[in-house]
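Visitor: okay, predicted coordinates and the sequence, questions at the end:
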Amino acid sequence: MFALRIIKSTNNFVNSLPKTARKIHKHNVLYNNKPEDLLNLVIRGESLQFPYVWLRENCQCEHCYHTSAQSRILDWSKFDLNVKANEVSESENSVRIQWSDGHTSQYNFNWLKFRSFTPENQKKYTETIYKPKKETWHGKDFSNILYKRDYSDIVGSEEALYEWLHKLSVYGVALIKNTPSSETAVDGVVDRIGFTKRTHYGIKFVVQHVQNTSNVAYLSSTLQLHTDLPYYEYCPGTNLLHYLVQTVSEGGENLLSDCHYTANYMKQHHPEQYKLLTDVEVEWSDIGTEFGNDFFKLHRAPVICLDCHGEIERINFSIPQRGSHFPGPIELVKPWYEAHSLFWDLNHQFAAKFKAESGDILAFNNIRLLHGRSAYEDSSNNVRKIIGAYIDWDEIYSRLRCLKVKLKNEDGIC
Ligand code: OGA
Ligand code: ZN
Ligand code: ZN
């Protein structure tokens, strides 16, 4: 079976291959592959390269990989970083390698192809399995990007749930219509995805006018554009707001702004202010008592938090929940306020205005969008009541991937 092509892994063979090694310049160090570090394969007509060190570490045999735990169990203390392939033999659907450490590994071609190191394949995997690519939007396009599904579809159809979660991750907002009028209806959606993130406001929370409130959201006055809970280091990723009863009077309207759009705009047109918002840490805070439990939450972070690629990881923004301690140098205070003010103005300029209806569940990315609400009048014949729950992005992305594997099964994903 493995007699089709026996390749002695010699330098002659390696040298005869095209030079496709990429040079990567990072942190003032130039990294590049030596030809002898890579296995060259042609899989269904495509020339692909795999580093030997990676291949050896990702051996799928029962000594190196636990099938039911789907986890590597290889003993790192015995791992040879400079392991060599003594012999490589290919069959129709797989390749077998005899290693210099005496071990033998076999790799299925679909499995390898799925993990190919080409930039195109890495991009495809990133966007189809890792995390769907976000698309930014301006408020004028809100009606086009807002994806709506009926509650019965979301709880009854995996295809509908997948589509809805996918849109939520791409645009950071999606809507559920015709939710049953029950305080537990939102649980049906949560259960389909995973579980809620509990905070000091409860496993779920009720947004309703309360006179001596523990949080300004529980007033009927204007709720300025904000993210919820910026004072959490592990900030809940997504809000699910079930409008059990929406106010029948004027007001109580939603304002939503995609900060990825705003931040990109600032980066392009106001780079100095953008830098202040990405670099200067401020302190987010929530201090008080809820359900008889006292809390004192503080978290320091910039308004725009970037990851190692310079992409936005998280937005923090809240007028009421930013503390009065400014942790940075005094010289930065005024410039930071100016940048903050510009961010505020731009978000209002780019925001979408709409009014959720009774029976809607409005879901939005709490670390990407700003949300707000206009003031409303609360009286005995005009009540407004929202049941809210938070779900982390870890759970949403996990559900998306599980559904993707189940609904669009492709050999080699796992
Ligand atoms: C909140 C909130 C929105 C609304 O409670 O934090 O943003 O429509 N509520 O009342
Ligand atoms: Zn093995
Ligand atoms: Zn809020």
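Guide: Yes, it's here. It should be emphasised that the depicted structure is a prediction, and the values quoted were computed from it without experimental measurement. Ligands and ions are numbered 1, 2, ... in the order given.
Visitor: the stretch 101-250 of the chain: helices as residue ranges?
Guide: Secondary structure of the stretch 101-250 of the chain (DSSP state H, counting those that start in this stretch): helices at 109-114, 119-125, 142-145, 151-156, 158-171, 185-193.
Visitor: can I get those in a markdown table with mean pLDDT and mean neighbour count?
Guide: C-beta: built from backbone N, CA, C; applies to glycine. Shown next, in a markdown table, are the helices of the stretch 101-250 of the chain (pLDDT from 0 to 100; neighbours: other C-beta atoms under 10 Å):
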| stretch | mean pLDDT | mean neighbour count |
| --- | --- | --- |
| helix 109-114 | 96 | 18 |
| helix 119-125 | 96 | 12 |
| helix 142-145 | 98 | 14 |
| helix 151-156 | 98 | 18 |
| helix 158-171 | 98 | 19 |
| helix 185-193 | 98 | 19 |
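Visitor: out of these, nearest to residue 366?
Guide: Between residue 366 and these, the shortest gap by C-beta to C-beta is with helix 158-171, which sits at 11.6 Å.
Visitor: which neighbouring elements make contact with the closest one?
Guide: With contacts taken as 3 or more C-beta pairs under 8 Å, 6 or more residues apart in numbering; DSSP states H and E, helix 158-171 sits against strand 147-150, helix 151-156, strand 173-177, helix 185-193, strand 361-365, helix 393-407.
Visitor: count the neighbours of residue 294 for me.
Guide: Counted with other C-beta atoms under 10 Å, the neighbours of residue 294 add up to 9.
Visitor: ok so, going back, let me have the helices of the stretch 101-250 of the chain in JSON lines, extended by distance to ligand 1.
Guide: Below are the helices of the stretch 101-250 of the chain laid out as JSON lines (distance: least, C-beta to the nearest ligand atom, whole Å):
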{"stretch": "helix 109-114", "distance to ligand 1": "41"}
{"stretch": "helix 119-125", "distance to ligand 1": "35"}
{"stretch": "helix 142-145", "distance to ligand 1": "16"}
{"stretch": "helix 151-156", "distance to ligand 1": "19"}
{"stretch": "helix 158-171", "distance to ligand 1": "17"}
{"stretch": "helix 185-193", "distance to ligand 1": "14"}
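Visitor: mind putting these into TSV with distance to ligand 2?
Guide: Below are the helices of the stretch 101-250 of the chain laid out as TSV (distance: least, C-beta to the ion, whole Å):
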stretch	distance to ligand 2
helix 109-114	14
helix 119-125	23
helix 142-145	47
helix 151-156	43
helix 158-171	35
helix 185-193	36
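Visitor: how many residues are close by the closest residue in space to residue 169 that isn't next to it in sequence?
Guide: Spatial nearest neighbour of residue 169, chain neighbours left out: residue 132 (4.8 Å); criterion: C-beta to C-beta, 6 or more residues apart in numbering. When counting by other C-beta under 10 Å, one arrives at 19 neighbours for residue 132.
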